[in-house]
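K.L.:
From the sequence below, what's the structure:
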Amino acid sequence: MILMIHWIIKLATETLQGKQKQKVSLIKKISKSFSSVSEPVLGEKLKRVSANFNEVSSHGRDFGFREILVEGSSKRGTSPGEREIVTLVKPSIFIGRDDDKEELIKRVLSCRDHLHLSVIPVLGVGGIGKTMLAKLLMYEERITSNFEMILWASLSSKSDLRSILEEIIKSGMGLNSVKLTMEESITVVRRMLVSKRYFLVLDDVWMEDSLVWNTLKDILDIGSQGSAIVATTRSYRAASYVGTETRYKLNRLSDDDCWSVFKYYAFVEGDDSEDTAVVETGKSIAKKCSGVPLAAEIVGSFLSRERDVNEWHRVERKFGEILVQKLDRTAAITAMRLCYDEMASHLKACLSFLPLFPKDHTVYKDELENLWMAQGLLGMDDRNEEPEDAGDRFFGEILSRSLFRNAFLVVGAGIANEKLHDMAYDFLTSVTGEEFATNVNCGTVLGLSASDKLRHIGFYDGNLAVKAFPKGLLNANKARTFMFLQQVGSIMKSFLDDLISNFKCLRALSLMGSEFDELPSSIGSLTHLRYLSLFSNFNIKVLPNSLCKLINLQILDLRHCEQLKALPKDIGNLVNLRHLYLTSQMTALPEQSLRRLTSFCVLKLTDCGFLTSLTEGIGCLTCLTRLAIARCPKLASLPRGMQSLTSLKVLAITDCERLDLREGECLQGLKGLMILDLGKLPKLLRLPLALQAAALSLRHLMLGECKGLTALPEWLQQFTSLEKLYLYNCTNISVLPEGFCHLSNLKYLDVRGCQRLSRRCMKDEGEDWSLISHIPVIAIGGNWIQMNQSHGNNACLIGRTLLLCIAGFHVLFCCIIASCVTHLLPALQC
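P.N.:
Numbers count the residues shown, from 1 in each chain. Have a look, this model is predicted:
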């Protein structure tokens, strides 16, 4: 998980206060404030925090943020200086739910005259569409215009008061994680909501403890008149506990509506009429979905690649057999079981890692694929392809099964993060068995003995500066994976020593979010290790040379190790190293070591503040396929040796203020380049002529905040393979080249923050509309002005479509910070 909170505060304090050594996260700051000051003083401190966030928001990309297009983002308020976030809601939720939407809007708005907090329970079976309907309400103009704050809290298995309050705080403050005491959480929530008319969705409520609910309701009943809560739940008992208004029961879809959902996912538009037998079988399958849209979506997605009517008949029979056996409580789980049983073994193995993360936890694509690679899962289907390509393909296949919700995509970086549907989480947990354990902490294993069958451990605990390694885990010494699931801060050396000495079979060790000065030299004894992450260790300065004994190591993640002085001197011994993600104080990469890394294919350089040279030795990395350089302010040029990187497919260079690409000789040999992302390069005055070497290969071009660019070159029309073009905040580009209409393969165009160009591209009116009218999907200024679904199944799900296309690269930070503190915490400024 990307530790966004710590990172934001670090950047804010460095820029605004000049404290280069600041290491305190936002949550630590708030916690300290709560424990040491009275409420009035607290308000002043939080007011200063709010002011810092105002400054962060106003500087925008000065902090490395990029404008993004995402699917499934929660709607929160906007304020001046805040990045625009475009959200798409799954089209399936519109099918058969118009009356439900209107009735719920009517009920919510009728609460305006209520003196006390109104709670409307929405009751329905799993997969019926409660969550999607609630999301639709959040984006409804009649709702957003009548409430000052729009909040979302996904509760899932959370039933204790503190966890619920933390979810509300995360939504209100736009944070990824919160660690506060109960008293602190109560105070923050009350100050956040006081005298505000707010609308809150409590999604997937399971609490059946009246004491917890009554306490929560008392805390929340501080908003102004007309505040309302919609609580979605599968439990009649929970609905009766939480409701102050008549519960709304969400009924099953009609057979016709369920068929419409199934058809949307199973067929490309217009394809459903080609084979009558397939259509009739599809209608029969849709009927077996019992009016549950999630079931129809899952089975429809599963069959979308298949047109053999005999195969459809077989799936129909099997679906019916599982339903008759009544193995599952709902049609959605039955559909999941059907699709899981039909999956190839390699996809089942990959899916089994999803429950390793806690329920409702954000899962990042690169993190998941690194785990797969470490366990040797990316060559299981015997295709002749690189592990990275297999990982992209596997992830795309899993994503297409409709098991995820809340998919985000940063278009310029290819970052994706997902949340597994809670029902999918429950199902996968039931089939993974004893080999996986998540939310393990020092308390849960205290006095217990973990099974010797345990192979993969997700550790979720804090305050490890004063905690020893839990003895109850020592029996699981055959574990293949050990990973921290949250920011743990300082950690005792003895904890690391016990971890390393007892788990000699580890393939993956992720210590992300932990801080220690010294990595034990015993790390070299983990001879099976393939993936090591020290992500966001702000203390470590030197790595032991014994790390270079890890001859099987494939992935080394050193991002945000900002005090790191150098790589170990024998780093060249890691002959199987494929990925290096690096933040350091080095001025140049170690040239001689680079020449020995013959398997090296992914290099990501982030926040290397002293880096001035990549060295000519980079040209020896002939297997390099993906190169990312972000926020390296002293890097002025790229070495000519890059011409030799003929295997390079993805190149992203962002926020390098001194970098001059005008000559562009380093790009001349990049004949296989498929994705190019150039962002915030003030010295980029024109696209380098040398880029024409990639005219036949380039598929995606992203240009962001390159304000020196005044025009796109006329020779761009030679890029006959170009499929997607993104122009963000290139304010001086005012017109498209005449030859733009010859880009016949261009399927997606997104122009934002380019006011003059946007005016010229308006549909049917702009001077340049004739140059782009052939493009199936066009977004101008954050609005979809053209969308032709016939160019691909689920084309309307732009987030998903883009993810499948550019999931191969995910280098920058997932910068989804949905709202500014000024909008959410004005009560703190009293």
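
K.L.:
What residues sit buried inside the helix or strand harbouring Ser593?
P.N.:
According to DSSP states H and E, Ser593 maps onto helix 591-594. Using 16 or more other C-beta atoms under 10 Å as the test for burial, helix 591-594 gives Glu591, Ser593, Leu594. Yep, even glycine has a C-beta here, placed from its N, CA and C like the rest.

K.L.:
Among those, which one sits closest to Val108?
P.N.:
Using C-beta to C-beta, Leu594 is the member of these that sits closest to Val108, with 59.8 Å.

K.L.:
residues in contact with the nearest residue to the closest one once chain neighbours are set aside?
P.N.:
Nearest residue to Leu594, sequence neighbours excluded (C-beta to C-beta, 6 or more residues apart in numbering): Gly617, at 4.2 Å. Going by C-beta atoms under 8 Å, 6 or more residues apart in numbering, Gly617 touches Leu589, Glu591, Gln592, Leu594, Arg595, Gly641.

K.L.:
For Gly617, what are phi and psi?
P.N.:
phi -60, psi -20 (degrees, to the nearest 10).

K.L.:
one step back: same list, the contacts of Gly617, but as TSV with distance to Leu624 and pLDDT please.
P.N.:
What follows is those, written out as TSV (distance: C-beta to C-beta, whole Å; pLDDT from 0 to 100):
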residue	distance to Leu624	pLDDT
Leu589	12	93
Glu591	15	88
Gln592	17	88
Leu594	10	86
Arg595	13	87
Gly641	11	90
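
K.L.:
Show me the two of those residues that sit farthest apart.
P.N.:
Spatially, the most separated pair among these is Gln592 and Gly641, at 13.7 Å (C-beta to C-beta).

K.L.:
could I get stretch 132-146 in CSV with only the CA atoms?
P.N.:
This file holds the C-alpha atoms of stretch 132-146, laid out as CSV (Å, rounded to 0.1, in the frame of the first residue of the first chain):
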residue,chain,number,x,y,z
MET,A,132,-23.8,0.9,-6.5
LEU,A,133,-27.1,2.6,-5.9
ALA,A,134,-25.7,4.4,-2.9
LYS,A,135,-22.8,5.6,-5.1
LEU,A,136,-25.2,6.8,-7.6
LEU,A,137,-26.9,9.0,-5.0
MET,A,138,-23.6,10.6,-4.1
TYR,A,139,-23.2,11.8,-7.6
GLU,A,140,-26.8,13.0,-8.0
GLU,A,141,-26.9,16.8,-8.4
ARG,A,142,-30.1,17.0,-6.3
ILE,A,143,-28.1,15.4,-3.4
THR,A,144,-24.8,17.3,-3.8
SER,A,145,-26.5,20.7,-4.1
ASN,A,146,-28.5,20.1,-0.8
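
K.L.:
can you put the buried residues of helix 591-594 in JSON lines and add distance to Lys471?
P.N.:
Listed next are the buried residues of helix 591-594 as JSON lines, based on distance: C-beta to C-beta, whole Å:
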{"residue": "Glu591", "distance to Lys471": "47"}
{"residue": "Ser593", "distance to Lys471": "40"}
{"residue": "Leu594", "distance to Lys471": "43"}
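
K.L.:
Need the contact partners of stretch 153-171.
P.N.:
With C-beta under 8 Å, 6+ apart as the criterion, stretch 153-171 contacts 74, 76, 151-152, 175-182, 185-186, 188-189, 192, 200-209, 212, 215-216, 219, 359-360, 419, 422.

K.L.:
and these, which of them are in helices?
P.N.:
Of these, the ones assigned to helices by DSSP state H are Met182, Ser185, Ile186, Val188, Val189, Met192, Val212, Thr215, Leu216, Ile219, Asp422.

K.L.:
Just the pLDDT for the second one.
P.N.:
At Ser185, the model reports a pLDDT of 88.

K.L.:
go on, Ile675?
P.N.:
Ile675 is given a pLDDT of 95.

K.L.:
Relative to Leu597, how far out is the residue nearest to Leu594?
P.N.:
Between Gly617 and Leu597 the distance, using C-beta to C-beta, to the nearest Å, works out to 10 Å.
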